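> okay, sequence plus prediction incoming.
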Amino acid sequence: MTPLEDTASTPVTAADPALVRVLDADGAFAPTPAAEPYLDLVASLSDADFEIFYRDMAVIRAFDQQATNLQRQGQLALWPPSYGQEAAQVGSVHAARTQDHLFPSYREHVVTRVRGVDPIDIIRLMRGLTHGGWNPFDPKNGNTHIYTLVLGAQTLHGTGFGMGLVFDGRCGTGDPERDEAVIVYYGDGASSQGDVHEAMVFANSYQTPEVFFLQNNQWAISVPVATQSRSPLHRRGAGYGMPSIPIDGNDVIASWAVTRRALDEARAGHGPRAIEALTYRLGAHTTSDDPTKYRTGDEEESWRRRDPIARMKTFLLGRGASEAFFADVEAEAAAVADDVRTRTNALGGLERGDMFAHVYSEPHPLVDEQRRWLDDYEASFEGGAS
Amino acid sequence: MPFSRAINAGLRAAMTASDRVLLMGEDIGKLGGVFRVTEGLQAEFGDRRVLDTPLAESGIVGTAIGLAMAGFRPVIEIQFDGFVFPAFDQITTQLAKMTNRHEGALSMPVVIRIPYGGHIGAVEHHQESPEAYFTHTAGLRVVSPSTPNDGYWMIQDAIASNDPVIFLEPKAKYWMKGEVDTAARAIDLHASRVVRRGTDVTLVGHGAMVTTLLQAAALAESEGTSCEVIDLRSLSPVDYAPILDSVRRTGRMVYAQEAPGFTSVGSEVAATVMERAFYALEAPVLRVSGFDVPFPPAKLEGAYLPDADRILEAVDRALAY
Ligand SMILES: Cc1ncc(C[n+]2csc(CCOP(=O)(O)OP(=O)(O)O)c2C)c(N)n1
């Protein structure tokens, strides 16, 4: 075997002994050895918590499918589905405390909704009505920052924010009710960006209270994760001097437990941590993409068998969850999807002057002048020609 | 007071006025920056206010964005003009657009100080004039002081601005001395200023070129031509009123800059003046600039950079129409 062949294996596998998993693919409680240190946390979860996890995953999947349909019907310019990644997102977001700040990339629909962001705000972005869509500092949005379409850029913003928390003594005081932390989300493709490297360097230099949450969904559009890295991505963490843990990203309980501990430690002043969630996007990269061009049906099928929602359902059924519960979740999911469709259709347009708004925080003569010019120009057509 | 000390004093004043102001950059703490602009500030304000960052330009700008979100007012130093490009993405796609993307809910009070331009005989990537990249980007403000007094006041105004400001420091002027009136604020950050009165030709420029324009004006006077000299000061937005007022009196204008001429600040100002003062012009607005080549090796910078003679040649051409 040549040295090259030696390293040519798929870099990340579920057989990694470091992998934290609590539920196996069939929904049975079967912790891996690496999950042992988290079982005390898991034991603190109640059936009500498990039901919330399930409900959030199922409801957002319905929203996601509705948004995909809306895009197909020409209502949205683009849609990046979160289909398949619900467990990684629901687990990690429920691990965050109210005072924590979250920096998503562009597929974290589950994260944003759980924190309170109205899904219609994501729709507005994808419909071309805004470049952001919500105010992260409005309390109803749960400190959830807007989507970033430049891969990896937000990892630096989250890190800078974390530096601010350190400088202001807003973490590490020993009071978990008050101490704050940051989660920043990014993908396996984004992990190749220089900004992610620089973010990890800064985060470790300044010991930011931060969790780097990598959703490794195996593909960056059509490029497999093996092209981004020949070694498991979580192993990079050690090079920066931070603990870094791989989890089964389709296991919502593992995602919650590992993120909870990582955030608690970061918040308490122990510095940044990284998590690599091994998951899979069952859908297309975005609605512009055709996954049959680059991946096999067998691969998709093998991940479909590890569907995070089905897995959780089996687990809940095993604990005696009622049919009424599942029926209720289904009804809520349908209602949310319907509501999003209705409100999408009702979304208005933009005023032409809106493009001149908020270019700067303070008045800017060039922008003001061009706004006036366009108004006068448009007005010259109104009532002018008879 | 030398220009570099004046900026230092302005930084100190801003840091004293608000503890939300912090400085970030490579070697700006113990060393005081390679041009010593931040000298003594870390000793005075501590290493939480004056950060020797990791060596990563994108990281510096990107984390400053996060710090601004957390309520700080970061002032970044990019060590040399040619090294701003690793941060270009964070500046243009992130910093410049944050307020817009947040529909006004967020402001971005970040200042990026960049020593720029030639005249110091430095090696490659240490003498460039990247201003047009930034003036082309909506959401950024771009200014360049050319005197110690402006250095002192404009840095404070830039820090006070709630918008991101690219603060271009003409490194040729760091050792230039001048009066600094710490009692009276200079004119608005975005105002241009007439620095010499004249009646025949209006000369406009920014940064280190203002000194060259004044030299050219002095030489022209000895030949009987009276030149008005205007320091642009703010490259975005441009304050046109003093320029148009001047051109309406002189009928002629020359713009001089070190940057390459193609799609530059000079091109923009020239085009606007021709649009707005066409009937006052006796000659086309002429531009004197660096050539559209990479900034040459130091031994050739004398041939590359516009000097008083090249400006006077343009003045003569304008007068010959
Ligand atoms: C800097 C940058 N380069 C290229 C793109 C185009 N692009 C959008 S998504 C994507 C793949 C991203 O893959 P990954 O980070 O794994 O995230 P995923 O989409 O799989 O969630 C690419 C290449 C981009 N948005 N930003």
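Received, thanks.

> quick check: residues of the stretch 1-150 of chain B near chain A?
B:22, B:48, B:53-54, B:56, B:58-59, B:61-72, B:86, B:89-90, B:93-94, B:97, B:99-108, B:138-139, B:141 (CB under 8 Å from any CB of the partner chain). Quick note: C-beta positions are derived from backbone N, CA and C, even for glycine.

> just the ones in strands from these, please.
Of the positions in the residues of the stretch 1-150 of chain B next to chain A, B:Leu22, B:Arg141 sit in strands, assigned by DSSP state E.

> need the buried ones from the residues of the stretch 1-150 of chain B next to chain A selected in PyMOL.
To isolate the buried subset of those in PyMOL, counting by 16 or more other CB atoms under 10 Å in any protein chain shown, use the following:
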select buried, chain B and resi 22+53+56+58+59+61+62+63+64+65+66+67+68+69+70+72+86+89+90+93+94+97+99+100+101+102+103+105+106+107+108+138+139+141
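
> now, which of the residues of the stretch 1-150 of chain B next to chain A lie within helices?
B:58-59, B:61-69, B:89, B:99-101 (DSSP state H).

> so which pair among these is furthest apart in space?
B:Gly59 and B:Asn100 (23.2 Å; CB to CB).

> stretch A:348-356 and chain B in contact?
No: for stretch A:348-356, no contact with chain B is found by CB under 8 Å from any CB; the gap never falls below 9.1 Å.

> list the contacts of that stretch.
A:Leu129, A:Val367, A:Asp368, A:Gln370, A:Arg371, A:Leu374, A:Asp375, A:Glu378 (CB atoms under 8 Å, 6 or more residues apart in numbering or on different chains).

> looking at the ones in helices among the residues of the stretch 1-150 of chain B next to chain A, which is nearest the ligand?
B:Asp89 (7.5 Å; CB to the nearest ligand atom).

> I'd assumed A:Ala153 was in contact with the closest one.
Yes: B:Asp89 lies in contact with A:Ala153 (CB atoms under 8 Å); the separation is 7.1 Å.

> determine the residues that are contacts of both of those two.
Common neighbours of B:Asp89 and A:Ala153 (CB under 8 Å, 6+ apart) are A:Asp195.

> mean pLDDT per helix and strand in the chain: which one sits at the bottom?
Went with chain A since none was named. Among the helices and strands of chain A, helix A:3-6 carries the lowest confidence by mean pLDDT, DSSP states H and E, at a mean of 38.

> you looked at the wrong chain, it should be chain B
In chain B, no helix or strand scores lower on mean pLDDT, DSSP H and E than helix B:301-304, which sits at a mean of 94.

> the helices in the stretch 201-350 of chain A, which residues?
A:225-228, A:236-240, A:252-265, A:297-304, A:308-318, A:323-346 (DSSP state H, counting those that start in this stretch).

> any idea which of those is most buried?
A comparison of those by mean neighbour count, using mean count of other CB atoms under 10 Å in any protein chain shown, puts helix A:252-265 on top with a mean of 26.

> so B:Ile76 sits in a helix?
No: B:Ile76: not assigned to a helix; according to DSSP: H, G, I helix; E, B strand; the rest coil it is strand.

> make CSV out of the helices of the stretch 201-350 of chain A and add mean pLDDT and distance to B:Thr212.
What follows is the helices of the stretch 201-350 of chain A, written out as CSV (pLDDT from 0 to 100; distance: least, CB to CB, whole Å):
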stretch, mean pLDDT, distance to B:Thr212
helix A:225-228, 95, 51
helix A:236-240, 96, 48
helix A:252-265, 98, 57
helix A:297-304, 95, 66
helix A:308-318, 97, 67
helix A:323-346, 97, 59
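
> give the buried residues for the least confident helix or strand of chain B.
So for helix B:301-304, counting by 16+ other CB under 10 Å, buried means B:Glu301, B:Tyr304.

> check what contacts it and list those residues.
Residues contacting helix B:301-304 (CB under 8 Å, 6+ apart): B:Gly118, B:His119, B:Gly121, B:Gln127, B:Gly290, B:Phe291, B:Val293, B:Phe295, B:Pro296.

> redo those as JSON lines? Include secondary structure.
Converted to JSON lines, the contacts of helix B:301-304 look like this (three-state DSSP):
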{"residue": "B:Gly118", "secondary structure": "coil"}
{"residue": "B:His119", "secondary structure": "coil"}
{"residue": "B:Gly121", "secondary structure": "coil"}
{"residue": "B:Gln127", "secondary structure": "coil"}
{"residue": "B:Gly290", "secondary structure": "strand"}
{"residue": "B:Phe291", "secondary structure": "coil"}
{"residue": "B:Val293", "secondary structure": "coil"}
{"residue": "B:Phe295", "secondary structure": "coil"}
{"residue": "B:Pro296", "secondary structure": "coil"}
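
> can you say which of these are buried?
Counted by 16+ other CB under 10 Å, those give B:Gly118, B:His119, B:Gln127, B:Gly290, B:Phe295, B:Pro296 as buried.

> distance of B:Ile78 from B:Val111?
B:Ile78 is 11 Å from B:Val111, where distance means CB to CB, to the nearest Å.

> now swap in B:Pro148 and tell me
For B:Pro148, the distance to B:Val111 (CB to CB) stands at 18 Å.

> so what's the residue in the stretch 151-300 of chain B that the ligand sits nearest to up against?
The ligand sits closest to B:Pro164 of the stretch 151-300 of chain B, with a gap of 20.3 Å, by CB to the nearest ligand atom. Applying CB under 8 Å, 6+ apart, we find B:Pro164 in contact with B:Ile91, B:Leu95, B:Ala96, B:Met108, B:Pro109, B:Val110, B:Val111, B:Ile112, B:Gly139, B:Leu140, B:Arg141.

> now it: phi and psi?
phi -70, psi 140 (degrees, to the nearest 10).

> buried sites along the lengthiest helix in chain A?
Scanning chain A for the longest helix, with DSSP H as the assignment, gives helix A:47-72. Buried residues in helix A:47-72, defined by neighbour count with 16+ other CB under 10 Å: A:50-51, A:53-68, A:70-71.

> which strands and helices sit next to whatever helix or strand comes next after that helix?
Next in sequence after helix A:47-72, counting helices and strands by DSSP states H and E, comes helix A:86-95. Packing partners of helix A:86-95 (3 or more CB pairs under 8 Å, 6 or more residues apart in numbering or on different chains; DSSP states H and E): helix A:47-72, helix A:109-114, strand A:182-187, strand A:210-216, helix A:252-265, strand A:273-278, helix A:308-318.

> how far does the first one sit from the chain's center?
To tie it back to what came earlier, the one meant is helix A:47-72. Put simply, helix A:47-72 sits 14 Å off its chain's centre (CA atoms, centre = their mean, to the nearest Å).

> could you do the fourth one as well?
Averaging C-alpha coordinates over strand A:210-216 and over its chain gives two centres that are 9 Å apart (CA atoms, centre = their mean).

> tell me the mean pLDDT over that strand?
Strand A:210-216 carries an average pLDDT of 98.

> partner strands of it, parallel or antiparallel?
strand A:182-187 (parallel), strand A:273-278 (parallel) (DSSP bridges).

> who touches it?
The contact list for strand A:210-216 (CB under 8 Å, 6+ apart) reads A:12, A:85, A:88-89, A:92, A:107, A:155, A:158-159, A:162, A:181-188, A:191, A:196, A:199-200, A:203, A:225, A:233-234, A:237, A:249, A:259, A:262-263, A:266, A:272-279.

> look at A:Ala379 and say how many residues are nearby.
10 (other CB atoms under 10 Å in any protein chain shown).

> now it: phi and psi?
Per degrees, to the nearest 10, the backbone of A:Ala379 is at phi -60, psi -30.

> distance check, it against chain B.
Distance, A:Ala379 to chain B, by CB to the nearest CB, to the nearest Å: 21 Å.

> lowest pLDDT pick from the contacts of helix B:301-304?
Among the contacts of helix B:301-304, B:Gly121 carries the weakest pLDDT, at 89.

> now do the same contact list for the residue of the stretch 201-350 of chain A found nearest the ligand.
Proximity of the stretch 201-350 of chain A to the ligand (CB to the nearest ligand atom) peaks at A:Ala220, 3.2 Å away. Contacts for A:Ala220 (CB under 8 Å, 6+ apart) come out as A:Gly187, A:Asp188, A:Gly189, A:Ala190, A:Thr227, A:Gln228.

> perfect, I'm done here.
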